[in-house]
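Enquirer: have a look; sequence and predicted model below, questions after that.
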Amino acid sequence: MKLSLRQKLAFLMALAICAAVIPYSFYAARNLASVALEREKADFRTLGALVHDNLSAIYFNYLSGRVADIIRYKEQLRKIGFILSRNWSGLEVLEGELRGRLIEQQTRDLKELGLVMAVVDINGRPVAPFDRVDFAAAWNRMVDFTGLPLTSSLDPAKLPPEGRFSVYRLPAAQGETDVFLGLLLPEAVGRYVVICLIEITDLLDRTVASPAEVVEDMRQRLEDIHLKPGTSVSLVTAEGRSLVCQGAAAAPVLPEELLEAARRDRELELLTELPEPLGRSLIRVEHFKPLDWYVILARPEESVIGPAHAQGLKLALAGGLVALLSLIPGLWAGDRLIKPLALLSRKAHEAAGLDLNDPEAESFFTRDLPTGRRDEIGALARDFSRMGLALAAKVRQLVAGTAAAARLEAELKTARDIQLGMLPPPAPPGAGLRAYLSPAKEVGGDLYDYFTAPCGRLVTVIGDVSDKGVPAALFMAMTVALIRQAATAGLGPAETLTQVNERLAERNPSSMFVTLFIGFLDPGRGDFTYANAGHCFPLLRSSGGPDRFLEGKSGPMVGVFQGVEYKPYSDIIEENGLCLLYTDGVTEAQDEKGGFFGSERLAAALAGAPDASPAGAVQAVESRVREFQGQAPQADDITVLAFSRN
């Protein structure tokens, strides 16, 4: 199914709104539940602290009457303990019956004061045992109110020098428990621990005559606390018996391991499954150490997060309604964007068949377009209009340029025909001379000529103008004409170069120049007189020796300076010898990697020519250069002229 841009935009807007609203609603509902649960936990901690503080206040209110007695007992134990510690350090050096009598005397004195004393070593073995039979048999089973055994605190190195006070419980007859206030004092030398105990069971019994008084006071205080719906506060003993329960019919029954964890960590908070009707609930348990009771707070999880879920659902519905309402202006804005785009699309389609060379085409790119808008659509319309106007102008320029190029091409073709027509006609077969010219442009700057002078000598000319195209062709034509005029007047190679240089340098506003090589060959005797004006050195092949370059330099390029005298050179071309003239387009031909053909490859091409005739030499050089160039474009004119004496 093909959707329009308007339908796609509406679909994308709806998708974007859903992508924003749905995750937000889900996150909001989840976050509300999480926040509600965390807030309830904070409220539980506050409520638990409040109940615990009330219980502590009630309990310590009952204890306040006996605080002075406890302080007096502690001072008495500390004084007697220090005396016993010093005395034991002195008694340790005594032996035998005297030491035993002194220990018995101290024990009787302490017993009259209501104290029980013993001295043990670092391993817990009594050195001076308790005098009470029940103590001697059961003292190592004494534990403090945290459940820590007395025997685990008998390391002198771990006790402070002033000793440590603790309240210990000792199992007694008929399931009862005696309570003692004890002082563990390290002996001065640090090898023994002095244990002093005083029984405070009666004191505690008098302090709290019955837990019912504490329970009743706590019930009254809990009734004054306003609890949230579903919240219950219970006071439970270590045996699991419910003392007070506010907010529920009965206290929740907790597993033993949860109570042990609360006893160990003093408090416990978690979500757990409880028996019906509570189900999964948030509970908080705080241990009241003095009475070994537990404060238990509980609230079903559903009563905490249920309202949050309801609020989240309301937020989701509100978000959906807002999304639907926001879709209406979005569709209106989208339609306002799409209409100009549709107009631009239609105009772009119609522009494909428009004659841009028609002056009326410019109005097509400005008519009905929303160029006055200040948004991206207006910028696009203005860019489209500018593009159309620029394209129409470019097309008109291209049409005019194409016509001008056609005229120029015709002119260049005519100039090329004129240039090639000015070159000498191909020599007949067997004439002992062959030439080849390949211009890099329509009209090149290389030149060559050959003719017979009035004296009967063969005149060969090759040159390279410093430019290419029509200017080089005109300069070349003037040069060839001046050379023919001077040579036919009886001047030699050097004199010809001198005269041509003067004529070209007189009127040369564009500062063009030409490199030239002119040679005069006497076919009968083989005398070869030449002059070189900055041109490439010719390559001479002799039947009796290796190929060699004619390296005579007569003077600078022609057409630059006036008053230059060029120097002549002479050589001998033997019977069947061959001379190869060329331009720098041969030696400076480049391959695809930018490497040059060079003089060495030129000499190798001439030496490897299968045919020793001038035609064979020219063919060998031309083919080797083309092979070397490969796919690289020709950068300069290539001209080769070969002649022989036969």
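Expert: Structure's in. What do you need?
Enquirer: what mean pLDDT does stretch 525-532 get?
Expert: Averaging pLDDT along stretch 525-532 yields 94.
Enquirer: got the domain boundaries for this structure?
Expert: With domains defined by automatic domain parsing, the chain comprises 14-321, 354-422, 430-644.
Enquirer: deepest of the ones you listed, which one?
Expert: Most buried of the domains of the chain by mean neighbour count (mean count of other C-beta atoms under 10 Å) is domain 430-644; its value is a mean of 19. In this view, the C-beta of every residue, glycine as well, is placed from N, C-alpha and C.
Enquirer: which secondary structure element is home to residue 49?
Expert: helix 5-63 (DSSP states H and E).
Enquirer: before we move on, the earlier item: dump the domains of the chain to JSON lines, plus distance to residue 347.
Expert: Output for those, formatted as JSON lines (distance: least, C-beta to C-beta, whole Å):
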{"stretch": "domain 14-321", "distance to residue 347": "30"}
{"stretch": "domain 354-422", "distance to residue 347": "7"}
{"stretch": "domain 430-644", "distance to residue 347": "42"}
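Enquirer: closest one to residue 339 among those?
Expert: domain 354-422 (8.7 Å; C-beta to C-beta).
Enquirer: am I right that residue 215 is in contact with residue 235?
Expert: Yes: using C-beta atoms under 8 Å, residue 215 is in contact with residue 235, at 7.0 Å.
Enquirer: what's the overlap in contacts for these two?
Expert: 243, 244 (C-beta atoms under 8 Å, 6 or more residues apart in numbering).
Enquirer: need the contact list for residue 77.
Expert: Per C-beta under 8 Å, 6+ apart, neighbours of residue 77: 115, 165, 181, 182, 183, 196, 198.
Enquirer: and which of those residues is nearest to residue 455?
Expert: residue 165 (147.0 Å).
Enquirer: what does the host helix or strand of that closest one contact?
Expert: Assigned by DSSP H and E, residue 165 belongs to strand 164-171. Residues from elsewhere that reach strand 164-171 (C-beta under 8 Å, 6+ apart): 74, 77, 134-135, 138-139, 141-145, 150, 153, 177-184, 197, 200.
Enquirer: redo that, cut-off 7 Å
Expert: 74, 138, 141-145, 150, 153, 177-184 (C-beta atoms under 7 Å, 6 or more residues apart in numbering).
Enquirer: partners of it in the sheet?
Expert: strand 143-144 (antiparallel), strand 177-186 (antiparallel) (DSSP bridges).
Enquirer: could you export these as a markdown table, including mean pLDDT and distance to residue 558?
Expert: Converted to a markdown table, the strands paired with strand 164-171 look like this (pLDDT from 0 to 100; distance: least, C-beta to C-beta, whole Å):
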| stretch | mean pLDDT | distance to residue 558 |
| --- | --- | --- |
| strand 143-144 | 81 | 126 |
| strand 177-186 | 81 | 124 |
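Enquirer: output these as TSV; include the columns distance to residue 625.
Expert: TSV is the format used below for the strands paired with strand 164-171 (distance: least, C-beta to C-beta, whole Å):
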stretch	distance to residue 625
strand 143-144	113
strand 177-186	113
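Enquirer: which one, of those strands, ends up nearest to residue 15?
Expert: Nearest of the strands paired with strand 164-171 (C-beta to C-beta): strand 143-144, 68.8 Å.
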